[in-house]
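Student: Task: produce atomic coordinates for the following.
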Amino acid sequence: MSFHREAPRPGRTTLGAPLVVLPAQNIGNYLVIEAKWDRYGPYRFLVDTGSSVTLISPDLARRYGEKGVPPPFNAPQVHVHSAEGGQVILPAMTLRRLELGDARFEDVPVLIYDCSPLSDHLGVKIDGILGFPLFRETLLTLDYPRSRVLLNAAASAPLLPGDTIPFNNANKTPLIPIRLHDTTFIALVDSGSDAPLSLNPVGLQPAYAYGPRPGPVVGTLSGDHAPQVGRLADTLVIGSYALPRPLFEITDELSALGGDVLRYFTVTFDQERNQVTFYREATGPIGFDPQRSVGVSFSKAPAYWRVVGVIPDSPAATGPDPVQPGDLIIRINGDPVAQWDLRRFDQLVASARTITFTFLKGTEEKSKTLAVFDLVP
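Tutor: Numbers count the residues shown, from 1 in each chain. Sure thing, here's the model as predicted:
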């Protein structure tokens, strides 16, 4: 199985130091880096190894877009979900420069995307999503345990500890073979997903320890969807690393390793040699805690959170006054939703037995206490 696409041509890359170290925030299993090279910054970017394009905000496009220069010849046609519910094509352009610490990228092919929904979800302003081809001329290391991103020259090719796995294709795409029980299949290494294992079960016949069952709504560029989630009975193997009984979500697309798996590793991508190296300094077993939930999914705005999905048979969906899609939440445990970023809310769900939400019904406020439960034990 292989993944075919024309390898995008990167712009010019200059590293001002043999090793560029970029501190990062690990927010909901996403690595977010911050950079400041002008008076408008700092800018924050999410690193997405599963994306074949780099997306930037309209503000960044206005400041650094090449005026009068036609978009790249091979600019992809990317359709996204619009605010009106339809589909729109993201406009393409060339970015004059993008600076990440001592790393400078020039003439970068990009698409323009309003990152506001992602910013509201993560609780920090996001100015762009850095696609995999941007790092074509570097060794890119995502060091999840130390919350940092490392860049060094691809020509240096240092010897790295860990397990080096070749890409499954010649198109500079991080598709690698992994194993489930005694079956090998191909998965995308996707740092732009916060999921554990996105699994396409076709041809695999996986054994399930729990599920699949309906999960929370997941927002993507192409729209929202509610995957089936659960826990596998078998062990997932990446190189020589064993991950027993991982959590998963079912997909009808390519299987992928998301941030909830990658967070255990330091992962180095070498596009020059078509390979990726996984390294884990810790020696203890890798375990996946139960996936806890309040049974409700949200789209977030500073003033309110809108309910976009309710998990069937959850406490939120039962009782005399069940939560409905479209309901507006203005406070959580008495605090305005503007004070709840993703990390704070995730910590609450991980530790609380109940959470009280204040809903806005017309001009009236109504509080409802929901039980937190193990969606996937």
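Student: you'd agree Asn274 is up against Phe167?
Tutor: Yes: using Cβ atoms under 8 Å, Asn274 makes contact with Phe167 at a distance of 4.2 Å. Every residue, glycine included, has its C-beta placed from N, CA and C.
Student: Comparing those two, which residue is more hemmed in?
Tutor: Neighbour tally, Asn274 and Phe167, criterion other Cβ atoms under 10 Å: the higher count belongs to Phe167, 23 against 17.
Student: Surely the more buried one is in contact with Pro174?
Tutor: Yes: counting by Cβ under 8 Å, Phe167 touches Pro174, with 6.2 Å between them.
Student: list the residues that contact both of those two?
Tutor: Residues touching both Phe167 and Pro174 (Cβ atoms under 8 Å, 6 or more residues apart in numbering): Val276.
Student: Not counting its neighbours along the chain, what's nearest Phe132?
Tutor: Leaving aside its chain neighbours, Phe132 sits nearest to Thr49 (4.8 Å; criterion: Cβ to Cβ, 6 or more residues apart in numbering).
Student: how many neighbours does that neighbour have?
Tutor: Close neighbours of Thr49, defined as other Cβ under 10 Å, add up to 25.
Student: Isn't it up against Ser191?
Tutor: Yes: using Cβ under 8 Å, Thr49 is in contact with Ser191, at 4.5 Å.
Student: what residues are shared contacts of the two?
Tutor: Any residue near both Thr49 and Ser191 by Cβ under 8 Å, 6+ apart counts here, and that gives Leu142.
Student: can you list contacts of the lengthiest helix in the chain?
Tutor: When every helix of the chain is counted residue by residue (DSSP state H), the longest turns out to be helix 342-351. Outside of helix 342-351, the residues that reach it under the criterion Cβ under 8 Å, 6+ apart are 27-28, 121-123, 289, 292-294, 332-333, 340, 355, 372.
Student: Please point out which parts of that helix sit buried.
Tutor: Leu342, Phe345 (16 or more other Cβ atoms under 10 Å).
Student: relative to helix 342-351, how tilted is the helix or strand following it?
Tutor: Toward the C-terminus, helix 342-351 is succeeded by strand 354-361 as the next helix or strand (DSSP states H and E). Relative orientation of strand 354-361 with respect to helix 342-351: 130 degrees, computed using axes from the mean of the first three to the mean of the last three Cα atoms, to 10 degrees.
Student: Show me what strand 354-361 pairs with in its sheet, parallel or antiparallel.
Tutor: Within its sheet, strand 354-361 is paired with strand 328-332 (antiparallel), strand 364-371 (antiparallel), according to DSSP bridges.
Student: pLDDT of that strand, averaged?
Tutor: Computed over strand 354-361, the mean pLDDT rounds to 95.
Student: CA atoms only: put it into CSV for me.
Tutor: Once side chains and other backbone atoms are set aside, the C-alpha atoms of strand 354-361 remain, and they are given as CSV (Å, rounded to 0.1, in the frame of the first residue of the first chain):
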residue,chain,number,x,y,z
THR,A,354,-19.2,15.9,38.1
ILE,A,355,-19.1,19.2,36.2
THR,A,356,-21.7,21.9,36.4
PHE,A,357,-22.5,23.8,33.2
THR,A,358,-24.5,27.0,33.0
PHE,A,359,-26.6,27.1,29.8
LEU,A,360,-28.1,30.2,28.2
LYS,A,361,-31.7,29.6,27.1
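Student: which residues are in contact with that strand?
Tutor: With contact meaning Cβ under 8 Å, 6+ apart, strand 354-361 is reached by 294, 296, 304, 327-334, 348-349, 365-372.
Student: Pull the contacting residues for Leu46.
Tutor: Taking Cβ under 8 Å, 6+ apart, we find Leu46 in contact with Tyr30, Leu31, Val32, Leu118, Ile126, Gly128, Ile129, Leu130, Gly192.
Student: That concludes my questions; thank you for your assistance.
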